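>>> Curious how this folds, go ahead:
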Amino acid sequence: MDGSEDRYIIGIDLGTTNSALSFVRPEGMDQDRPPIELFRVPQLVDAGMVSTEQVLPSFLYLSGGHELPKGATSLPWRQDSSQAVGIFAREQGARVPGRLVASAKSWLCHGDVDRLAPILPWGADPAIAKVSPVDASASYLEHLKAAWNHTFAAREEEMLLENQDIILTVPASFDEAARELTVTAARKAGLHRVTLIEEPLAAFYSWLREHEQDWSNHIRPGEAVLVCDVGGGTTDFSLITLREADGSPRFERLAVSDHMMLGGDNMDLALARSVEHKLTGKVGSLDSTRWQALVHQCRQAKEAILEGREERIKVVVAGTGQKLIAGTLSDTLTKEQVERILVEGFFPLVKEGREQEDHRKGITEFGLPYAKEPAITVHLWRFLLKHTAEFKDTIGRSEPYPDLIMFNGGVFRSAVLRDRVMEAVRSWFRETADPEWDFRTLPNPNPDLAVALGASYYGMVRRGRGVRVGSGSPRAYFLGLDSEAGDHPFPRRDTKALCILERGVDEGKQFVITQHEFQVLANQPVRFDLFSSTARSGDRLGDLVEVSPDDLTQLPPLHTVIRFGKKAGETAVPVLVEVTYTEIGTLELRCRTASGSNSWRLQFDLRGVPKDQTVDAGETLDEARIEKAVSLISDAFGQSSSGSANPEKLVRELEEAIELEKESIPGPALRRLGDAILKIDDGRGPSPLHEARWLNLLGFCIRPGFGDPLDEWRIGRVWKLFGRGLRFPKDAQCRVEWWILWRRASGGLSAGQQKYLYQQLSPHLLVGTKKPKEKIRLNPQELLEMWRTAANLERLPADIRGELGGSLLAGLTPKKNSPHDWWVLSRLGARIPFYGPLDRVVSKEEVSDWVAWMIGQTWRNPDPVARAVCRLARLVGDRERDLPEKVLDSARAWMNREQINHRYIHPLEEIVSPDAEEDSLVFGESLPSGIQLRGV
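Predicted structure coming up:
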């Protein structure tokens, strides 16, 4: 026994707007129906005033120490702190919005920022000590832990929250990174015994808890239940069905929705825009501080009205400066107005067959990229349509209509919104559903608490109590074996595959494969090939099968480098293989050494793969052509060359061998050539000409430093070159090619590596910096490439990038400038980074000064200046990055006077996503086909 029966079961809903904790006592498990209790959370409700409440609002206030009286943030378990969470944080943050962290959970799934960096509150004054999204999430869990321990564990260590079995909920649409960051937040809060469950499933478990004895009176075999969960930051849909299995009824999950950053936050923004337009005549006219204050007030008004506590609420936008009183604006939000905006904007009665509207632009507020399509009913229709096959295969119906719906989330306290969704679904299937179709609701009396309560119930299910919702794997999964290494990372051909998951296995199961001995190849690039099959039956865990395209479908592989030993080279490590099919739809392989001293986890996200998806190799070149090109590289740079081969002819010879111009060679093939070049570092030794060509070709093959699964490994090898330096440092062309290489590779460098690179560049680039005493004088082309490299270091802090831009601008005049200078400046101050995190974008105040100076001069050739202005001033929909309207008006007017092509004016008028051609222009050269860039 592991002692789990003596531990509490804890269910935690870590919500975007509110968090809640429920629990089951160990002694309660002896009862026929173990009670699930709600923990009333002690928290600050005003300065120095503590009360216990059902939920902990997920808000963090960062005090400046001067705006609050002494003891204002003290709690029974700790004295004054610079931080407060919960009700008081929410209310104080409405008064001082620049110090309030909200929607931290949404930031956990925002892949375009560094989620471990202190970036929140977004756009706050630099003097405020910010926190990361992970730290903010951890602060809510830490408060729950401290509150619990103060209440229950003052004298008993075994009662500490960190010693209990904790079920922590996450949105069904969270990807692997967001789930991992949620676990990281829990660990930072000292919670290590954590199991994840998806929120819609937890909500359904809360219903099962209430109907454990009579669920069969509500749901019949063959019926489908739709869980519609609209939270503060995300919207999730899940489908669950009741079917007969081995003569007994069994709940099974059919499908979960993809990631959608769409929820209550979007509704708050819609209400705020309506008020802003009414008060000022224009959306976007309020500054960031007043806008944040208005959004918080609209959120409070929405919650009070939808919960039935108020019929109308007044919102006030304070004036600023000398117009503090005279500039104050106010409006009243009524129940009718709130419901109309929400119904029309988020729950329209869309018609069956409405297509995806790709031209719609997503809203970016407070730095968060919300869904392009705001209509939840549209997403619901697409979700049901997408899973038509699951309805047919599992239930036997050709139309994807649900029989029951369960609403979850505070927004569905409104009967108007619930009825609207019901009406939409009925309208889609009224003509095609079974004549006896009866679309019904499963009651959810506590939409704010259901997820927390259901999490605890799931904890009971894990201990063998209650009714389980299964999700037997519809496929068997196999791992490719018997592959041999070659001259490049992937010459392998799988001939056999190992069954690692049997068809029909329930989620939450763990296995150890004991029938075979395994080893993993360490300290070198490897690929794990995953196959699935719905056709095969009878395969058991550990069985070896022949790889046949008739039986097995290949899924996207996992590429990685398994690290073993500090100085060990490429080696084979004997391992045991453990397999876990998790509750959140992932297949985990853990390879561990027999001693247990080393363990490597490999994770495949099965729900992210559509059932008909196979590996898409893109444009595949004949292997013989690539091998011939590799041979040419070896002839030019290998030991046998001895300087005799002419590297100047190599590019033309490679094009002839591959039968494509170099700009048209697919990305995977280029990476193969880059790997060949990296293997012969000595090839740059025979002459300056060899080194220059070696550096240039390597940079071309690995550009832009990311986008291929093994680029992190490649760039790690390339980075070692920096310490070794040039073989021919006195040669001017070698020095130029050196910086071209680092410009091309810098997108794959870490923030620390880029900082080091900057430190080598800054003495040559920054105004007022003491220049290094060098025997070799920089030539203009070398200095230009240094600037171009610096511009591509997008992981540098914003203030450093701003300093670089200011230094460059200080040296430009109407008579002394070049298109290259404007390209560099536009990269340094761009509103949309090419690859870097959004928190490293130069401030709008600093870039506004740059643009104001640029459009105030008379240029002989204004076109390159206008292109730079376009990138510096384009609209992105984020008030913290968009330049002030006054600056934009001036920029547009200047462009019109200079008769600039409207293509460069349009992005200053409305939000326009950069196209592929613009991406290449931003990078400074063409990009290889097949290399994936981050979506904007």
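>>> ok, which stretches of the stretch 551-700 of the chain are strands?
Here the stretch 551-700 of the chain has its strands, by DSSP state E, counting those that start in this stretch, at 553-561, 571-581, 586-592, 599-605.
>>> Can I get these in JSON lines including mean neighbour count and distance to Asp448?
(Glycine included, C-beta is placed from N, CA and C.) Formatted as JSON lines, the strands of the stretch 551-700 of the chain follow (neighbours: other Cβ atoms under 10 Å; distance: least, Cβ to Cβ, whole Å):
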{"stretch": "strand 553-561", "mean neighbour count": "17", "distance to Asp448": "38"}
{"stretch": "strand 571-581", "mean neighbour count": "18", "distance to Asp448": "31"}
{"stretch": "strand 586-592", "mean neighbour count": "18", "distance to Asp448": "28"}
{"stretch": "strand 599-605", "mean neighbour count": "16", "distance to Asp448": "29"}
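>>> May I ask you to name the longest strand in the protein?
strand 509-522 (DSSP state E).
>>> From the contact counts, what lies against it?
strand 496-501, strand 571-581 (3 or more Cβ pairs under 8 Å, 6 or more residues apart in numbering; DSSP states H and E).
>>> which residues touch the nearest residue to His110 once chain neighbours are set aside?
Counting by Cβ to Cβ, 6 or more residues apart in numbering, Leu368 is the residue found nearest to His110 once chain neighbours are left out, at 6.1 Å. Residues in contact with Leu368 (Cβ atoms under 8 Å, 6 or more residues apart in numbering) are Ser103, Ser106, Trp107, His110, Gly233, Met261, Asp265.
>>> Leu368 pairs with what?
Glu365 (DSSP bridges).
>>> Could you do Ala497 as well?
Gly480, Val545.
>>> wait, it sits on Ala476?
No. Counting by Cβ atoms under 8 Å, Ala497 sits too far from Ala476 to count as a contact (10.1 Å).
>>> The helix or strand encompassing Pro763: what's the following helix or strand?
Using DSSP states H and E, Pro763 sits in helix 751-765. Next along the chain after helix 751-765, taking DSSP H and E as the criterion, comes helix 780-791.
>>> For that following helix, which residues meet the burial criterion?
Glu782, Leu784, Glu785, Met786, Trp787, Arg788, Thr789, Ala790, Ala791 (16 or more other Cβ atoms under 10 Å).
>>> which stretches of the stretch 551-700 of the chain have low pLDDT?
585, 605-620, 639-645 (pLDDT under 70).
>>> what about 50?
The stretch 551-700 of the chain contains residues with pLDDT under 50 at 609-618, 643.
>>> okay, the strands of the stretch 551-700 of the chain in a markdown table with distance to Ala20 next?
Shown next, in a markdown table, are those (distance: least, Cβ to Cβ, whole Å):
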| stretch | distance to Ala20 |
| --- | --- |
| strand 553-561 | 36 |
| strand 571-581 | 28 |
| strand 586-592 | 26 |
| strand 599-605 | 28 |
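>>> and of those strands, who's closest to Arg703?
Arg703 lies closest to strand 553-561 among the strands of the stretch 551-700 of the chain, at 18.9 Å (Cβ to Cβ).
>>> Which parts of this structure belong to which domain?
Per automatic domain parsing, the domain ranges recorded for the chain read 4-198, 220-441, 476-608, 618-702.
>>> Return the distance of the shortest one from the chain's centre.
Relative to the mean C-alpha coordinate of its chain, domain 618-702 is positioned 36 Å out (Cα atoms, centre = their mean, to the nearest Å).
>>> What of the first one?
Taking the mean C-alpha point of domain 4-198 and that of its whole chain, the gap between them comes to 21 Å (Cα atoms, centre = their mean).
>>> The second one too?
Here the centre of domain 220-441 is set off from its chain's centre by 21 Å, with Cα atoms, centre = their mean.
>>> Quick one: residues contacting the residue nearest to Ala476 when sequence neighbours are not counted.
Nearest residue to Ala476 in three dimensions, chain neighbours excluded: Arg503, at 4.2 Å (Cβ to Cβ, 6+ apart). Each residue near Arg503 by Cβ under 8 Å, 6+ apart is listed here: Gly472, Ser473, Pro474, Arg475, Ala476, Ser533, Thr534, Arg536, Ser537, Asp539.
>>> Quick check, pLDDT for the third one.
When you say that, I think you mean Pro474. According to the prediction, Pro474 has pLDDT 67.
>>> ok, back up a step: what helices or strands is the helix holding Pro763 leaning on?
Applying 3+ Cβ pairs under 8 Å, 6+ apart, we find helix 751-765 packed against helix 711-724, helix 780-791, helix 798-810.
>>> For those helices, could you give me TSV that also reports distance to Arg744?
Formatted as TSV, the helices and strands packed on helix 751-765 follow (distance: least, Cβ to Cβ, whole Å):
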stretch	distance to Arg744
helix 711-724	10
helix 780-791	9
helix 798-810	19
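>>> Which one, of the ones you listed, ends up nearest to Leu404?
Among these, the nearest to Leu404 by Cβ to Cβ is helix 711-724 (46.3 Å).
>>> hmm, back to that, would you reformat the helices and strands packed on strand 509-522 as a markdown table and include distance to Asp80?
Converted to a markdown table, the helices and strands packed on strand 509-522 look like this (distance: least, Cβ to Cβ, whole Å):
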| stretch | distance to Asp80 |
| --- | --- |
| strand 496-501 | 53 |
| strand 571-581 | 44 |
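>>> hang on, the earlier thing: want to try CSV for the helices and strands packed on helix 751-765, with distance to Ala433 and mean pLDDT as columns?
Output for those, formatted as CSV (distance: least, Cβ to Cβ, whole Å; pLDDT from 0 to 100):
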stretch, distance to Ala433, mean pLDDT
helix 711-724, 50, 93
helix 780-791, 58, 96
helix 798-810, 55, 97
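>>> Quick one, which of these gets closest to Glu336.
Closest approach to Glu336 among the helices and strands packed on helix 751-765 (Cβ to Cβ): helix 798-810, 44.2 Å.
>>> CA atoms of that closest one as PDB?
Written as PDB, here are the backbone C-alpha positions of helix 798-810 (Å, rounded to 0.1, in the frame of the first residue of the first chain):
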ATOM      1  CA  ALA A 798      13.900  45.800 -25.200                       C
ATOM      2  CA  ASP A 799      16.100  48.500 -23.600                       C
ATOM      3  CA  ILE A 800      19.200  47.100 -25.300                       C
ATOM      4  CA  ARG A 801      17.500  46.900 -28.700                       C
ATOM      5  CA  GLY A 802      16.200  50.500 -28.100                       C
ATOM      6  CA  GLU A 803      19.700  51.600 -27.300                       C
ATOM      7  CA  LEU A 804      21.000  50.000 -30.500                       C
ATOM      8  CA  GLY A 805      18.300  51.700 -32.500                       C
ATOM      9  CA  GLY A 806      19.100  55.100 -31.000                       C
ATOM     10  CA  SER A 807      22.800  54.800 -31.700                       C
ATOM     11  CA  LEU A 808      22.100  53.900 -35.300                       C
ATOM     12  CA  LEU A 809      19.600  56.700 -35.800                       C
ATOM     13  CA  ALA A 810      22.100  59.200 -34.200                       C
END
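>>> That's all I had, so thanks and see you.
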